[in-house]
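Chemist: return a 3D structure for these sequence lines:
(2 chains)
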Amino acid sequence: MDLATKDLLRLATIGSVDDGKSTLIGRLLVDTRQLFDDQFDAVMAASEKRGVGDLDLSFVTDGLRAEREQGITIDVAYRYATTPTRKFIIADCPGHVQYTRNMATGASSADLALVVLDVATGLKEQTRRHLCIAALLGVRTVIVAVNKMDTVAWSELAFNRVVDEIDTLAGVLGFATALAIPVSALLGDNVVERSSHTAWYQGPSVLEALETSEAETWTTAASGARLPVQWVLRQPGGGRTYAGMVNGEALEVGQRVTLLPQGVETTITALNFGGEQILRAPVGLAADVELAAETNAGRGDLIATAPLPRVTNDFAATLCWFGDQPLVCGQRLRLKHTTKSTPVRVADLTGLIDIETLNVSEPTSLLTNEIGLARLITADALVVDDYQDNRVTGSFVLIDDVTHATVAAGMVGRASFL
Amino acid sequence: MALSIPSPQATNHLDVLESHALFIFREVVAECERPVLLFSGGKDSAVLLHLATKAFAPQKLPFAVMHVDTGQNFDEVLAFRDRTVERLGARLVIASVQDSINQGRVRDPGPLGARNRLQSVTLLDAINANGFDAAFGGARRDEDKARAKERVLSFRDAFGQWDPRAQRPELWQLYQGKVNPGEHVRAFPLSDWTELDVWQYIAREEMDLPSIYFAHERDVIERDGMWLAVGDFVEARAGETIERRVVRFRTVGDANCTGAVLSNADTLEAIIAEVAVANVSERGATRADDKFSETAMEDRKREGYF
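Modeler: This is a model prediction of the structure:
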């Protein structure tokens, strides 16, 4: 039993309300025996109490009182599954438009999106919207469970009609992989086991597809090494090290690096992890770094290797607006990018994205859950990469100055499909 | 000992979870004025404290450790708490449920009554009195369906309430802990860990734990399908028989509502093997406090519970 050497896949489930997302996740968990007996019994009891007849698998993930009462998913539910080869972190995202911010929360750090849609209705507006947001957020690999195949008598024709729709949209949004699988989440066909009803389908079940997917980790980047400084640690003897999570590429002792925005070129003289010396810090490690040069580095600065990021306080970005009030030109907010916070002004709103057509029009404001393009000016200089090159140094959130609520998700630059 | 990680990317799940937790600790300490770590002496908070020391090594912990003490503890757990705090040189704050009872803040449930739910009042009072604006907790999303919905940094209003319908969006790893005076955040660095991950990590790091997690002989009674340890806080009722059994605890809560499981697992290896094939969840097996209703945890969390 070598449980300690699994790799980890983060997936977000997306799709329109009532297409069966929660049911599919419930089915995956039940059929791979991830659910404990008492949790299973609780789902049975809850199903009975709400009078939904048989076991309602969506109760596995819909845990809040309001969700069970209304029969919808409000917020992301995180579930965990382990198979002999992988550990999965599953973010089950809500479908309703007013909970788009929660869907974006689940998809932002997903390696892969598992899309669930109803074969009878195909790609609904909500599903298109979610796929577009997933693409904007940098998800490159998509598995599409074409659900409720039992309601169309397992028709290959009906399946292919939906596949055509998916392929067209996937082409536009630039997904690297979009694999469609005919399933019945309710009955379990092609979820874990291959179905006997779909002899015309030769591909993997949903679980097989998840286990063999070669989706890259969400932090995979096309930039050089990046380490946003979180905290300065004092070492015995008077030295200092800079703590942060390594991103982009690994760091090594002896490597030449640049401290930004100061622009100081220097060398890594030591690397530590948890108080122990190491020679190399791989991507994803929360390490601390000692530099040769005497610097005034602190939280919010960045240690980087070539190709270096930009130092700027004036840049174009894509915004998903979550605030209750519309976002207008000239508005002042606070921006958090990597480990740095700074005041920011919306200098210009340059585009409003129509999710249906992907057309960009001239906006006057951004309403709740709308996605737009803007030019931002920050008080302090930021060290940024384009989001499509690096999801860590290319992302930021906007924060309301009074309530401290997070009111927007932002990505430096503009997606290639817009 | 130097680490040797051959892969260019830390993809081993324990390495990923560990580094993510260290990252969360540093973000919260950097963004909040006065954080505190909630330490019950259980395995999850032991892992939490271990991760915290790694995040700030070689410096001492930059925050205090707080035990919400119901006064109904297992002796082995208190001993573990004290030796751990002493080894780390940490500052221990004890928030006492007995004090809350003495001050009339909560009703006394009697010597054998459950004090678990009373902790919320004691906890919130202590957070206010000490001016804490962030509290690290060892809660995991795999424990309960309400916790499965909670953010890593979870906002609490001035009344300590969690509003599950208005959680802050939490994208990428941009954790945002700013609050106004009187409000606070709960930070859960173990959010993505499962029970099995916790045990594997304890074994890998060769961590110290309270002895009651390992199989031992104990006087127990069977009540509501759970094995309760007979002692200061649990007495046999009419019709119940005291039995000597080999048991261990999967979770550590109050002595009067935490059930033991019949088990011979007396090593970490044996525990991991047992957890890997368990068919009852740890809270389901061992916590009477979660059995009241299907949303028992959500209701307590709304009130400010851990």
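
Chemist: CA atoms for contacts and neighbours, from now on please.
Modeler: Will do.

Chemist: does B:Asp219 count as helix, strand or coil?
Modeler: strand (DSSP: H, G, I helix; E, B strand; the rest coil).

Chemist: so it sits against B:Ala229, correct?
Modeler: Yes - with contact defined as C-alpha atoms under 8 Å, B:Asp219 counts as touching B:Ala229 (6.0 Å).

Chemist: so between those two, which is more surrounded?
Modeler: Per other C-alpha atoms under 10 Å in any protein chain shown, whichever of B:Asp219 and B:Ala229 has more neighbours is B:Ala229, with 28 against 16.

Chemist: name the nearest residue to the more buried one, ignoring sequence neighbours.
Modeler: In this structure, B:Ala229 finds its nearest non-sequential neighbour in B:Val220, 4.5 Å apart by C-alpha to C-alpha, 6 or more residues apart in numbering or on different chains.

Chemist: residues in a beta bridge with that neighbour, which ones?
Modeler: B:Ala229, B:Glu243 (DSSP bridges).

Chemist: tell me how many other residues crowd it.
Modeler: With other C-alpha under 10 Å as criterion, B:Val220 counts 25.

Chemist: which helix or strand in the chain has the lowest average pLDDT?
Modeler: In the absence of a named chain, this looks at chain A. Using mean pLDDT, DSSP states H and E, helix A:65-70 stands out as the lowest-scoring helix or strand of chain A, at a mean of 59.

Chemist: wait, chain B was what I had in mind.
Modeler: Bottom-ranked secondary element of chain B by mean pLDDT, DSSP H and E: helix B:282-286, a mean of 56.

Chemist: ok, stretch A:21-34 near chain B or not?
Modeler: No - judged by C-alpha under 8 Å from any C-alpha of the partner chain, stretch A:21-34 and chain B are separated, with a smallest distance of 8.8 Å.

Chemist: for that stretch, buried residues please.
Modeler: For stretch A:21-34, the neighbour count (16 or more other C-alpha atoms under 10 Å in any protein chain shown) marks A:21-30, A:32, A:34 as buried.

Chemist: chain center to stretch B:43-54, what's the gap?
Modeler: 10 Å (C-alpha atoms, centre = their mean, to the nearest Å).

Chemist: quick one: contacts of it?
Modeler: A:273-275, B:18, B:21-22, B:25, B:37-39, B:60-61, B:137-139, B:189-190, B:198, B:202, B:209-210, B:251-252 (C-alpha atoms under 8 Å, 6 or more residues apart in numbering or on different chains).

Chemist: change it to 7 Å
Modeler: Stretch B:43-54 has contacts (C-alpha atoms under 7 Å, 6 or more residues apart in numbering or on different chains) with A:274-275, B:22, B:25, B:39, B:61, B:138, B:209.

Chemist: pull that stretch out as CSV, backbone CA atoms only.
Modeler: This file holds the C-alpha atoms of stretch B:43-54, laid out as CSV (Å, rounded to 0.1, in the frame of the first residue of the first chain):
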residue,chain,number,x,y,z
LYS,B,43,-4.6,15.3,16.1
ASP,B,44,-5.8,17.9,13.6
SER,B,45,-4.7,20.8,15.8
ALA,B,46,-1.4,19.0,16.5
VAL,B,47,-0.8,18.9,12.7
LEU,B,48,-1.9,22.5,12.5
LEU,B,49,0.7,23.6,15.1
HIS,B,50,3.4,21.5,13.5
LEU,B,51,2.8,23.2,10.2
ALA,B,52,2.8,26.6,11.8
THR,B,53,6.2,26.0,13.3
LYS,B,54,7.5,25.0,9.9
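
Chemist: average model confidence for stretch B:130-150?
Modeler: If you average the pLDDT over stretch B:130-150, you get 89.

Chemist: end to end, how far does that stretch reach?
Modeler: Distance across stretch B:130-150, first residue to last, is 25 Å (C-alpha to C-alpha, to the nearest Å).

Chemist: show me which residues of that stretch are buried.
Modeler: So stretch B:130-150, judged by 16+ other C-alpha under 10 Å, has buried residues B:131-150.

Chemist: tally of neighbours for the closest residue in space to B:Val106 that isn't next to it in sequence?
Modeler: Sequence neighbours aside, B:Ser100 is the residue nearest to B:Val106 in space, at 6.0 Å (criterion: C-alpha to C-alpha, 6+ apart). Counted by other C-alpha under 10 Å, the residues lying close to B:Ser100 total 20.

Chemist: and the helix or strand where B:Ser100 lies, what does it pack onto?
Modeler: B:Ser100 belongs to helix B:97-102 when assigned by DSSP states H and E. The contact analysis (3 or more C-alpha pairs under 7 Å, 6 or more residues apart in numbering or on different chains; DSSP states H and E) places helix B:97-102 against helix B:119-130.

Chemist: what's whichever helix or strand A:Asp314 is part of in contact with?
Modeler: Counting by DSSP H and E, the element that carries A:Asp314 is strand A:310-321. Outside of strand A:310-321, the residues within contact range by C-alpha under 7 Å, 6+ apart are A:261, A:366-385, A:407-414.

Chemist: out of these, which end up buried?
Modeler: Taking 16+ other C-alpha under 10 Å as the criterion, what is buried in those is A:261, A:366-378, A:381-385, A:407-414.

Chemist: strands along the stretch 51-200 of chain B, start to end?
Modeler: B:64-69, B:92-96, B:134-136, B:153-156, B:184-187 (DSSP state E, counting those that start in this stretch).

Chemist: same question for the stretch 101-250 of chain A.
Modeler: A:112-118, A:141-147, A:177-182, A:226-228, A:231-234, A:240-245.

Chemist: tell me the mean pLDDT over the third one?
Modeler: Mean pLDDT, strand A:177-182: 95.

Chemist: quick one: list the elements packing against it.
Modeler: So strand A:177-182, by 3+ C-alpha pairs under 7 Å, 6+ apart, packs with strand A:141-147, helix A:156-173.

Chemist: just checking the distance from that strand to the centre of its chain.
Modeler: 19 Å.

Chemist: indicate the residue of chain A located nearest to chain B.
Modeler: Scanning chain A for the residue nearest chain B gives A:Gly274, at 4.1 Å (criterion: C-alpha to the nearest C-alpha).

Chemist: burial of the residue in chain B that chain A sits nearest to, as a residue count?
Modeler: Nearest residue of chain B to chain A, counting by C-alpha to the nearest C-alpha: B:Lys54, 4.1 Å away. By other C-alpha under 10 Å, the residues close to B:Lys54 number 23.

Chemist: span of stretch A:269-283 from start to end?
Modeler: 18 Å.

Chemist: go on, stretch A:175-190?
Modeler: 23 Å.

Chemist: ok, and what's touching that stretch?
Modeler: Contacts for stretch A:175-190 (C-alpha under 7 Å, 6+ apart): A:23-24, A:27, A:140-150, A:159, A:163, A:170, A:191, A:195, A:205-206.

Chemist: ok, and which of the buried ones among the contacts of strand A:310-321 reach chain B?
Modeler: Checked against chain B using C-alpha under 7 Å from any C-alpha of the partner chain, those give no members in range.

Chemist: which of the residues you listed fall in strands?
Modeler: A:366, A:371-378, A:381-384, A:407-412 (DSSP state E).

Chemist: quick check: mean pLDDT of stretch B:217-235?
Modeler: Mean predicted confidence for stretch B:217-235 is 84.

Chemist: just the C-alphas of that stretch, formatted as PDB.
Modeler: Extracted in PDB, the C-alpha atoms of stretch B:217-235 (Å, rounded to 0.1, in the frame of the first residue of the first chain):
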ATOM      1  CA  GLU B 217      -7.500  -1.000  27.600                       C
ATOM      2  CA  ARG B 218     -10.200   1.100  29.100                       C
ATOM      3  CA  ASP B 219     -13.500   0.900  31.000                       C
ATOM      4  CA  VAL B 220     -16.300   1.700  28.600                       C
ATOM      5  CA  ILE B 221     -20.100   1.600  28.300                       C
ATOM      6  CA  GLU B 222     -22.100   1.300  25.100                       C
ATOM      7  CA  ARG B 223     -24.600   4.200  24.700                       C
ATOM      8  CA  ASP B 224     -26.500   5.200  21.500                       C
ATOM      9  CA  GLY B 225     -24.200   3.000  19.500                       C
ATOM     10  CA  MET B 226     -21.000   4.600  20.800                       C
ATOM     11  CA  TRP B 227     -18.400   3.400  23.200                       C
ATOM     12  CA  LEU B 228     -18.000   6.100  26.000                       C
ATOM     13  CA  ALA B 229     -15.100   6.100  28.400                       C
ATOM     14  CA  VAL B 230     -16.200   5.800  32.000                       C
ATOM     15  CA  GLY B 231     -14.700   8.400  34.200                       C
ATOM     16  CA  ASP B 232     -15.200  11.800  35.800                       C
ATOM     17  CA  PHE B 233     -17.700  12.900  33.200                       C
ATOM     18  CA  VAL B 234     -19.400   9.700  32.200                       C
ATOM     19  CA  GLU B 235     -21.200   7.400  34.700                       C
END
